[in-house]
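Trainee: what shape does this take:
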Amino acid sequence: MDENNISGMHIYYYYVCKRKLWYFSNGLAMESENENVKIGKLIDETTYKQKKKHIMIDNTINIDFITEHKLLHEVKKSRKIEEAGIAQLKYYLYYLKKRGVEGIKGRIDYPLLKQSLNVELSEEDERELESAAADIVKIISAALPPKFKSKRICKSCAYYDLCCI
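Mentor: Have a look, this model is predicted:
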C-alpha cells in the first residue's frame, strides 16, 4: 500500500489505535460482530434517508453524504473518540483538495445527540495528515502489530479479546 490508497477508515483507526489499524489493514476484520459497530450501522440505515449516502471516490474514500454548498457530512454515533472522526473528515477534505476540489467544508453529525460539529482544513492539518499517511504505510507494512497500549476505549473495541485476553 502507498499513501495514495489511504482510506478514511485508515485515518480513523490511526487516531483511535495503531494496533487496531494494523489488524484491520492486514485482513483481521472483527467489527462485524461488535455491538458498537452494529449500532453504528443501524444509525446509518435509519438516519438521513433522504440523502444520497455512501459516496465512494476513487474506490478509496467513502463520504457519508454531501449537501448543498459543498458540505461533506460524516455521521458518528457519539463524541467518545471525536478526534479520530475530525481527522477522518479532514482527510476527506484534504483528499479532495489534492484532486482539485476547492471550497469544500465538513460537518460531523451526531444524530443521537442532535448535535453537529463544523470542520475545516488548515495548512497545519494538511501537514499532519501527510505525516499520518506516511506513518500509516509504515505501520501496516510491519510484520507485527504495534505494542499494546491500554486506553479507555479498549473494553468497547471489536479487537478487545485479541489484544487483552
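Trainee: what ranges does this protein have for its strands?
Mentor: 53-57, 61-67, 71-75, 105-110, 115-119 (DSSP state E).
Trainee: let me have the ones you listed in TSV, adding mean pLDDT and mean neighbour count as columns.
Mentor: C-betas here are computed from N, CA, C, even on glycine. Converted to TSV, the strands of the chain look like this (pLDDT from 0 to 100; neighbours: other Cβ atoms under 10 Å):
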stretch	mean pLDDT	mean neighbour count
strand 53-57	89	13
strand 61-67	92	17
strand 71-75	94	19
strand 105-110	96	18
strand 115-119	97	14
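Trainee: in TSV: those strands, plus distance to residue 156.
Mentor: Below are the strands of the chain laid out as TSV (distance: least, Cβ to Cβ, whole Å):
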stretch	distance to residue 156
strand 53-57	24
strand 61-67	21
strand 71-75	18
strand 105-110	17
strand 115-119	20
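Trainee: closest to residue 43 out of those strands?
Mentor: Nearest of the strands of the chain to residue 43, taken as Cβ to Cβ: strand 71-75 at 6.7 Å.
Trainee: circling back: so which of the strands of the chain gets nearest residue 153?
Mentor: Proximity to residue 153 (Cβ to Cβ) singles out strand 105-110 among the strands of the chain, at 16.7 Å.
Trainee: can you list the helices and strands that the closest one packs against?
Mentor: Contact here means 3 or more Cβ pairs under 8 Å, 6 or more residues apart in numbering; DSSP states H and E; on that basis strand 105-110 packs against strand 71-75, helix 82-98, strand 115-119.
Trainee: can I get the first one in CSV, CA atoms only?
Mentor: The C-alpha atoms that make up strand 71-75 are tabulated as CSV, following Å, rounded to 0.1, in the frame of the first residue of the first chain:
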residue,chain,number,x,y,z
LEU,A,71,-20.7,20.5,2.7
LEU,A,72,-19.4,17.0,3.4
HIS,A,73,-21.1,15.1,6.2
GLU,A,74,-19.7,12.3,8.4
VAL,A,75,-22.2,10.6,10.7
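Trainee: which residues does that strand contact?
Mentor: Contacts to strand 71-75, defined as Cβ atoms under 8 Å, 6 or more residues apart in numbering, come from residues 43-44, 47-48, 51, 63-67, 85, 88-89, 92-93, 96, 104-111.
Trainee: quick check: mean pLDDT of stretch 41-48?
Mentor: Per-residue pLDDT values across stretch 41-48 average out to 73.
Trainee: now it - C-alpha only, PDB.
Mentor: C-alpha atoms of stretch 41-48 as PDB (Å, rounded to 0.1, in the frame of the first residue of the first chain):
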ATOM      1  CA  LYS A  41     -24.800   0.600  11.100                       C
ATOM      2  CA  LEU A  42     -28.300   0.900  12.400                       C
ATOM      3  CA  ILE A  43     -27.800   4.700  12.800                       C
ATOM      4  CA  ASP A  44     -26.600   4.800   9.300                       C
ATOM      5  CA  GLU A  45     -29.600   2.900   7.900                       C
ATOM      6  CA  THR A  46     -32.200   4.900   9.800                       C
ATOM      7  CA  THR A  47     -30.900   8.500   9.600                       C
ATOM      8  CA  TYR A  48     -30.600  10.900   6.700                       C
END
